[in-house]
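Sharing a sequence plus its predicted fold:
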Amino acid sequence: MRLLVRHRYRLLLVIATALVLWRMFFWSSPVQLQPLPARQQVIDVHCHIACLDTQSGCYISPALRHNARFPVYMKLMQVSDEELAGGKADVGALIAAGIEHSRYVSKAVILALDGVVRDGHISKGASEIIVPNAFVWQQTKQHANLLFGASINPYRDDALSELERVKKQGAVLIKWIPSIMHIDPADPELIPFYRQMVRFGLPLLTHTGKEHAFTHADDSLADSRRLELPLSLGVTVIAAHVASTGEQQGVRDFDLLLPMFARYPRLYADVSTLTQINKIGYMHEVLAHPEIHSHLIYGSDWPLSVFPLASPWYFADMLDVASMWSISRIANTWDADIRLKQALGMPSAVFARTREVLGLVYSAKGSSSLWHH
């Protein structure tokens, strides 16, 4: 008896482990998969690209380059710091090849990222990262399966003319990370910019919730409630990551975003990063709110959708072993991401909705595929 008392915690651990193994191997029901949309209907709305060579105008701050996160990002992108700095790494081609060989995804939006504005102009010294519109636009010209996601800090003196320029170049959306770009989406000063976005039919894809990827961030600027201004003006807003993780004054960002879907029909959210190990609970919660499923669209947040950040093995409580093993064996990053989210119960319509939200029309003539606004 004394022996049992002395080792009770070890005994409880052994029992718990045995129950988990029983659940995984003997008490699991095979996952019933919903059919996926046709490949030409599926677009990834959220892919990142990077470069470091000075000729491209790209920039990464010394603080970020020397941060522990940076080599992880390089590893996920399958490039080295030296290759990126020397202009020898073609991340755009890497993404295009992955999409080309995907069974489920036909196109991806690659995202520019503007810098912080000081005195009406972009300040490298105040910015963590800059991925210029011109660089991303050139990538989309070279690869037909990549779409142009522009980024404009609206505090730039030339913000409205830049917005017109990227629209003419075929931009399908505007991307912000307010917490690192120092943008307040609720600032009335931005109303002319929002009205121009409405005229051009350009959605706003903006980070919501806590920002984990950079060395510092003002997460109060990613409060979903700040998006009520553009939504009230008719801007289509895509809340990246469904505001997973983070809180404002003790209230979770996710809980602040949820009631907004009922009030604003032009509010959407992408499901990127929900399979990351630090966001597993949010996948459960999103699936438990069917009232918002018609507002969800597909995004991967490549390269953050790559193992070890995301894996089917993190969902042993929702998937059977055969499903986890099958998904883990899928080599194509986008196919693995789609299949995992499908297996977890993400409605099929989510994967096809990106095309509609971006206002893209697909048509096929013979063997050729055409996309246009």
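In hand now; what should we look at? Since the model is a prediction, treat every value here as computed from it, not as a measurement. Numbering: from 1, shown residues only.

can you pull up the bridge partners for residue 108?
In this entry, residue 108 is beta-bridged to residue 44, residue 146, by DSSP bridges.

Let me see the mean pLDDT of the helix or strand where residue 196 lies.
Element membership for residue 196, per DSSP states H and E: helix 191-200. Across helix 191-200, the average pLDDT comes to 98.

tell me which residues in it are buried?
Of all the residues in helix 191-200, those buried under the rule 16 or more other C-beta atoms under 10 Å are 193-194, 196-197. To be clear about C-beta, it is placed using only N, CA and C from the backbone, and glycine gets the same treatment.

Ok, stretch 127-146 next?
Taking 16+ other C-beta under 10 Å as the criterion, stretch 127-146 shows 127-133, 135-137, 139-140, 143, 145-146 as buried.

With stretch 107-118 instead?
Neighbour-count burial for stretch 107-118 [16+ other C-beta under 10 Å]: 107-117.

what's the answer for stretch 90-100, then?
Quick answer for stretch 90-100 (16+ other C-beta under 10 Å): 90-92, 94-96, 98-99.

Need the residues you listed in CSV (columns: pLDDT, secondary structure and distance to residue 295).
Below are these laid out as CSV (pLDDT from 0 to 100; DSSP: H, G, I helix; E, B strand; the rest coil; distance: C-beta to C-beta, whole Å):
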residue, pLDDT, secondary structure, distance to residue 295
90, 85, coil, 35
91, 88, helix, 30
92, 89, helix, 30
94, 92, helix, 31
95, 95, helix, 26
96, 96, helix, 29
98, 96, helix, 27
99, 97, helix, 25
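
so which of those would you say is closest to residue 71?
Nearest to residue 71 out of the buried residues of stretch 90-100 is residue 91 (C-beta to C-beta; 15.5 Å).

Distance of residue 105 relative to residue 360?
Separation of residue 105 from residue 360 (C-beta to C-beta, to the nearest Å): 14 Å.

residues touching the most centrally placed residue in the chain, list them.
Against the mean C-alpha coordinate of the chain, by C-alpha atoms, centre = their mean, the closest residue is residue 301 at 3.4 Å. Listed by C-beta atoms under 8 Å, 6 or more residues apart in numbering, the contact partners of residue 301 are 46-48, 240-241, 272-273.

at 6 Å instead, please
Neighbouring residues of residue 301 by C-beta atoms under 6 Å, 6 or more residues apart in numbering: 46, 272-273.

Give me the neighbour count for residue 333.
21 (other C-beta atoms under 10 Å).

Just the terminal-to-terminal distance for stretch 159-176.
Stretch 159-176 has an end-to-end distance of 13 Å (C-alpha to C-alpha, to the nearest Å).

got it, and stretch 195-209?
25 Å.

tell me how far it is from the chain's mean position?
16 Å (C-alpha atoms, centre = their mean, to the nearest Å).

what does stretch 254-273 give?
14 Å.

Using PDB, write out every CA atom in that stretch.
Extracted as PDB, the C-alpha positions of stretch 254-273 are listed here (Å, rounded to 0.1, in the frame of the first residue of the first chain):
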ATOM      1  CA  PHE A 254     -10.900  35.100 -30.800                       C
ATOM      2  CA  ASP A 255     -13.900  35.900 -28.600                       C
ATOM      3  CA  LEU A 256     -13.800  39.600 -29.700                       C
ATOM      4  CA  LEU A 257     -13.900  38.500 -33.400                       C
ATOM      5  CA  LEU A 258     -16.700  35.900 -33.100                       C
ATOM      6  CA  PRO A 259     -19.700  38.300 -32.800                       C
ATOM      7  CA  MET A 260     -18.500  40.500 -35.600                       C
ATOM      8  CA  PHE A 261     -19.300  37.900 -38.200                       C
ATOM      9  CA  ALA A 262     -23.000  38.300 -37.600                       C
ATOM     10  CA  ARG A 263     -22.800  42.100 -37.900                       C
ATOM     11  CA  TYR A 264     -20.600  42.400 -41.000                       C
ATOM     12  CA  PRO A 265     -21.300  40.200 -44.000                       C
ATOM     13  CA  ARG A 266     -18.100  41.300 -45.600                       C
ATOM     14  CA  LEU A 267     -16.000  40.000 -42.800                       C
ATOM     15  CA  TYR A 268     -14.100  36.700 -43.500                       C
ATOM     16  CA  ALA A 269     -11.200  34.900 -41.800                       C
ATOM     17  CA  ASP A 270      -8.600  32.600 -43.200                       C
ATOM     18  CA  VAL A 271      -7.800  29.200 -41.500                       C
ATOM     19  CA  SER A 272      -4.100  29.500 -41.800                       C
ATOM     20  CA  THR A 273      -1.900  28.300 -38.900                       C
END
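
what stretches of the stretch 151-300 of the chain score poorly on pLDDT?
For the stretch 151-300 of the chain, no stretch has pLDDT under 70.

that older thread, compare neighbour counts for residue 105 and residue 360 and give me the winner.
residue 105 (27 against 15).

Sounds good, over and out.
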